[in-house]
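> Okay, structure incoming, though there's no sequence with it:
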């Protein structure tokens, strides 16, 4: 009996130990099952995340393949304000081609197409310019090298981003490439009708699918001479020289197209223009922004005297000399010969303008005062004959009448009075 009790007690103890061990193994198995499920969920989530990323990239690639590369390109008209160099008194225009893409072969491409390149070093540049035989050249340059030039001179640079379709941008691109070919990039410059302002305008207008509706300037019909004078208002001797060379045609009223030889006028017209296509209007310019703000410009006088002051001084000298001649009862014939030589040399320069290709210089009433005729009458003046003075009086009268039709250079009225005094003193 005692042995039985001991066996039973031992069994119970072993059973208790085994029960405890089984309970411990169950907890361990339950933990293994839980961690396996968590691990599996993590793998599933990672796979789903990678799948989402792959789908996103695929969709974006699909969009990039479907979009037109021209959608990221901006085509702009660039307008530079004048600065105080003589050749820059009228401003400047160009076309900007800016690719805004951040990838690909054309990423960040920022180019300026400039039709205003020339070289002073070419033989007889000034003479060729006067005769309208100057060749200008189209140059494509990086925008980063274009802005600093105008910044250092204090000129502002304005950009007008054009509202073009992808197809129109492609046409402009092809036109620019065609203009840039070696056989096309050099062109015969014409100050009023074919210059750095008219060329960009024509490129833009000819490559639109629609038609530009311009806003005409009602009541604003300045002459070429008036516009040139405005640009030269701080350079009076340059203004007088232009007035001497410009003839009767420069005093005719101009229309909108003719006024756009000045970049500032073209910029104003572009800002107001609309494009009409398939019954719909859209503004030609969608955004206007300042690239280079205006800086400080130093205006230096051309000379110590203005043309009017110089002419008045000559008139005073003429009166003083005439008074001396009247007192002595004798004219200074060699003074007249010197004046005739100066008058004749100026006349030769004007006469050469008859062969200029500039359309506004051929018919010029300044020829009435400055022409080669004095050279033919110098011998008669030395012999104190009065033939030349009668011819001079006739020309002077015609010159006075011509003031009704042509605007003369500053101070020319006083110069005419100097000649009249010489006529009167020699006719006494």
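Everything's here; your move. All of these numbers come straight from a predicted model, not from anything done at the bench. Residues are numbered from 1 along each chain as shown.
> only C-alpha atoms for contact and neighbour calcs from this point on.
Fine.
> The helix or strand hosting residue 323: what's the following helix or strand?
Residue 323 is part of helix 307-328 when elements are defined by DSSP states H and E. Proceeding N to C from helix 307-328, the next assigned helix or strand is helix 333-352, under DSSP H and E.
> Quick check: closest non-adjacent residue to the spatially most central residue of the chain.
For the chain, the residue nearest the mean C-alpha position is residue 93 (1.5 Å; Cα atoms, centre = their mean). In space, and not counting its chain neighbours, residue 93 is closest to residue 79: 4.6 Å by Cα to Cα, 6 or more residues apart in numbering.
> Let me see the ranges of the helices in the stretch 151-300 of the chain.
Taking DSSP state H, counting those that start in this stretch as the criterion, the stretch 151-300 of the chain carries its helices at 166-179, 198-206, 224-231, 236-245, 256-259, 263-272.
> which one of those helices lies closest to residue 356?
Residue 356 lies closest to helix 236-245 among these, at 10.4 Å (Cα to Cα).
> hang on, the earlier thing: out of the helices of the stretch 151-300 of the chain, which is closest to residue 335?
helix 236-245 (24.2 Å).
> List of residues touching that closest one?
225, 228-229, 232-233, 302, 306-307, 350, 353, 361, 364, 366, 407-410 (Cα atoms under 8 Å, 6 or more residues apart in numbering).
> Same question for stretch 310-317.
Applying Cα under 8 Å, 6+ apart, the external contacts of stretch 310-317 come out as 411-412, 414-415, 417-418.
> tell me how far it is from the chain's mean position?
40 Å (Cα atoms, centre = their mean, to the nearest Å).
> Then stretch 349-368?
On the basis of Cα atoms, centre = their mean, stretch 349-368 sits 28 Å off its chain's mean C-alpha point.
> got any ranges where the stretch 251-400 of the chain has weak pLDDT?
By pLDDT under 70, the stretch 251-400 of the chain contains no weakly predicted segment.
> Going by secondary structure, the residue nearest to the centre of the chain is in what exactly?
Assigned by DSSP H and E, residue 93 falls in strand 92-99.
> counting contacts, what elements does the helix or strand following that strand pack onto?
Using DSSP H and E, the helix or strand that directly follows strand 92-99 along the chain is strand 110-117. Contact here means 3 or more Cα pairs under 8 Å, 6 or more residues apart in numbering; DSSP states H and E; on that basis strand 110-117 packs against strand 92-99, strand 135-142, helix 143-152.
> I'd like the ones you listed as TSV, with mean pLDDT and distance to residue 290 appended.
Below are these laid out as TSV (pLDDT from 0 to 100; distance: least, Cα to Cα, whole Å):
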stretch	mean pLDDT	distance to residue 290
strand 92-99	97	14
strand 135-142	94	18
helix 143-152	95	11
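> closest to residue 195 out of those?
Nearest to residue 195, of all the helices and strands packed on strand 110-117, is strand 135-142, at 8.4 Å by Cα to Cα.
> Contacts for stretch 356-371, please.
Defining contact as Cα under 8 Å, 6+ apart, one finds that stretch 356-371 is touched by 130-133, 190-191, 244-250, 343-348, 350-351, 353-355, 395-396, 398-399, 402, 406, 408.
> and what of stretch 198-212?
Residues from elsewhere that reach stretch 198-212 (Cα under 8 Å, 6+ apart): 77, 93-95, 115, 164, 168, 171-172, 175-176, 260-261, 266, 273-278, 284.
> hmm, back to that, can you tell which of the helices and strands packed on strand 110-117 is closest to residue 197?
With Cα to Cα as the measure, strand 92-99 is the member of these nearest residue 197 (5.1 Å).
> Each with direction, which strands does that closest one pair with?
Sheet neighbours of strand 92-99, with direction, are listed as strand 73-80 (antiparallel), strand 110-117 (antiparallel) (DSSP bridges).
> The helix or strand hosting residue 416 vs helix 307-328, what angle?
Per DSSP H and E: residue 416 is located in helix 412-427. Helix 412-427 runs at 10 degrees relative to helix 307-328, counting by axes from the mean of the first three to the mean of the last three Cα atoms, to 10 degrees.
> Residue 194 bridge partners, please.
As for beta bridges, residue 194 partners with residue 190 under DSSP bridges.
> What about it, how many residues nearby?
Neighbour count of residue 194, defined by other Cα atoms under 10 Å: 14.
> okay, it: pLDDT?
You'll see residue 194 listed with a pLDDT of 95.
> picking up where we left off before, export the helices of the stretch 151-300 of the chain to a markdown table and tack on mean neighbour count and distance to residue 109?
As requested, these are exported to a markdown table (neighbours: other Cα atoms under 10 Å; distance: least, Cα to Cα, whole Å):
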| stretch | mean neighbour count | distance to residue 109 |
| --- | --- | --- |
| helix 166-179 | 17 | 13 |
| helix 198-206 | 18 | 19 |
| helix 224-231 | 18 | 34 |
| helix 236-245 | 19 | 40 |
| helix 256-259 | 18 | 32 |
| helix 263-272 | 19 | 24 |
